[in-house]
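# quick check, what structure comes out for this input:
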Amino acid sequence: MDMDDLKPNRTDALVVLGKSVLGIVAPVVGPVLGEVIGALIPKQREDRIVEFLLALDEKISDHLTKEDFKQLCESEDVVDLIEDSLFHVARAISPKRREYISHLLSQGLSQEQLDHATAKKMLRLLDQLTDEELIYLKFYSLDPSMHSCEPDDADLYYEKHRTTLEPALDKIGNRSVFRASLQESYRSNLITLGLISIDKELTPLGDLFLQYIDDNHKPFVSAFDED
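Below you'll find the predicted structure:
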């Protein structure tokens with residue numbers, strides 16, 4: 001027997017979520033996805049997929065009909081992007097990350113000419129970031145000196161995510177070496193991926209990435225309004 005035959009593949013590892021259920025929870029995207037990729041997802045993660053489909057359907061139903069979406073799914077590039085998105089969703093523990101993926105996919109499907117390579121790149125970047133690193137990236141994007149964000153935006157966001165963003169201290173108020181090193185690793189990864197500069201300012205790539213994943217991001221230059 002060929003050893004490759006023993007390797008797990010997507011079809012073997014997944015079970016089918018009924019097409020009727022997909023059609024009920026997401027009337028625009030559900031029935032089409034049921035036909036195009038068979039809705040192949042792990043049984044124990046169906047709730048994540050259902051939540052994702054609901055969010056995706058809400059985001060694209062105002063500018064795409066079921067027939068429009070079905071036509072898009074005739075493209076192998078689109079099917080590939082959707083399939084990758086579903087598998088990322090199935091693995092995503094936090095609801096916020098699933099929300100990011102749904103926005104990313106809806107942005108990719110909303111463009112007049114789908115930029116498959118860019119959407120895939122954004123999905124790969126998201127997969128390389130922890131939830132904590134995403135919090136840091138969003139915080140850096142709220143610097144009022146860089147664009148139209150209000151000064152209070154960063155303060156409010158800091159308070160909301162104080163546990164992650166606050167400088168690491170031990171029980172007696174000294175800087176915790178281990179926690180500080182972990183926080184520095186978050187920033188280092190953002191720099192390595194080209195999302196922030198060494199001065200902790202959002203780069204054009206970081207701006208583009210946030211436009212793909214975050215519905216509330218205020219871009220420096222919109223990537224979706226260009227001629």
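# so what's residue 195 up against?
125, 137, 202-203, 205-206, 209 (C-beta atoms under 8 Å, 6 or more residues apart in numbering). The way it works is simple: take the backbone N, C-alpha and C, and place the C-beta from them, glycine included.
# so which residues of the chain form strands?
Ranges of strands in the chain, per DSSP state E, are 15-16, 40-41.
# before we move on, the earlier item: of the contacts of residue 195, buried ones?
125, 137, 202-203, 206, 209 (16 or more other C-beta atoms under 10 Å).
# those: which two are farthest apart?
The span of the buried ones among the contacts of residue 195, defined through C-beta to C-beta, is set by 125 and 202 at 13.5 Å.
# any chance of the buried ones among the contacts of residue 195 in a markdown table, with distance to residue 98 and pLDDT too?
Listed next are the buried ones among the contacts of residue 195 as a markdown table, based on distance: C-beta to C-beta, whole Å; pLDDT from 0 to 100:
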| residue | distance to residue 98 | pLDDT |
| --- | --- | --- |
| 125 | 16 | 96 |
| 137 | 17 | 96 |
| 202 | 23 | 93 |
| 203 | 25 | 95 |
| 206 | 21 | 96 |
| 209 | 17 | 96 |
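# which one of these is nearest residue 81?
For those, the residue nearest residue 81 by C-beta to C-beta is residue 125; the value is 14.1 Å.
# give me the nearest residue to that closest one, chain neighbours excluded.
Counting by C-beta to C-beta, 6 or more residues apart in numbering, residue 125 lies nearest to residue 209, which is 5.6 Å off, once chain neighbours are set aside.
# what's the least confident stretch among the strands of the chain?
Of all the strands of the chain, strand 15-16 carries the lowest average pLDDT, namely a mean of 38.
# which residues touch the closest residue to residue 122 other than its chain neighbours?
Computed as C-beta to C-beta, 6+ apart, the closest residue to residue 122 that is not its neighbour in sequence is residue 212, at 4.3 Å. By C-beta under 8 Å, 6+ apart, residue 212 lies in contact with 103-104, 107-108, 118-119, 122.
# then residue 205?
Taking C-beta under 8 Å, 6+ apart as the test, what residue 205 contacts is 193-195.
# filter the residues you listed down to just the ones in helices.
Members of these lying in helices (criterion: DSSP state H): none.
# out of the residues you listed, who's nearest residue 178?
residue 193 (23.3 Å).
# so the chain: which segments form each domain?
8-114, 131-213 (automatic domain parsing).
# where does this protein have low pLDDT?
Across the chain, residues meeting the criterion (pLDDT under 70) sit at 1-46, 111-114, 144-151, 169-175, 225-227.
# what number of residues lie near residue 199?
Using other C-beta atoms under 10 Å, residue 199 is surrounded by 7 other residues.
# ugh, wrong one, residue 186
Residue 186: 19 neighbours (other C-beta under 10 Å).
# that one against residue 132, yeah?
Yes - in this structure, residue 186 is within contact of residue 132 by C-beta atoms under 8 Å, at 5.5 Å.
# for residue 221, see how far away residue 125 is.
18 Å (C-beta to C-beta, to the nearest Å).
# please apply the same query to residue 53.
Going from residue 53 to residue 221 by C-beta to C-beta gives 31 Å.
# between the two, which is the more surrounded one?
residue 53 (23 against 11).
# what's the closest non-adjacent residue to residue 55?
Nearest residue to residue 55, sequence neighbours excluded (C-beta to C-beta, 6+ apart): residue 102, at 4.1 Å.
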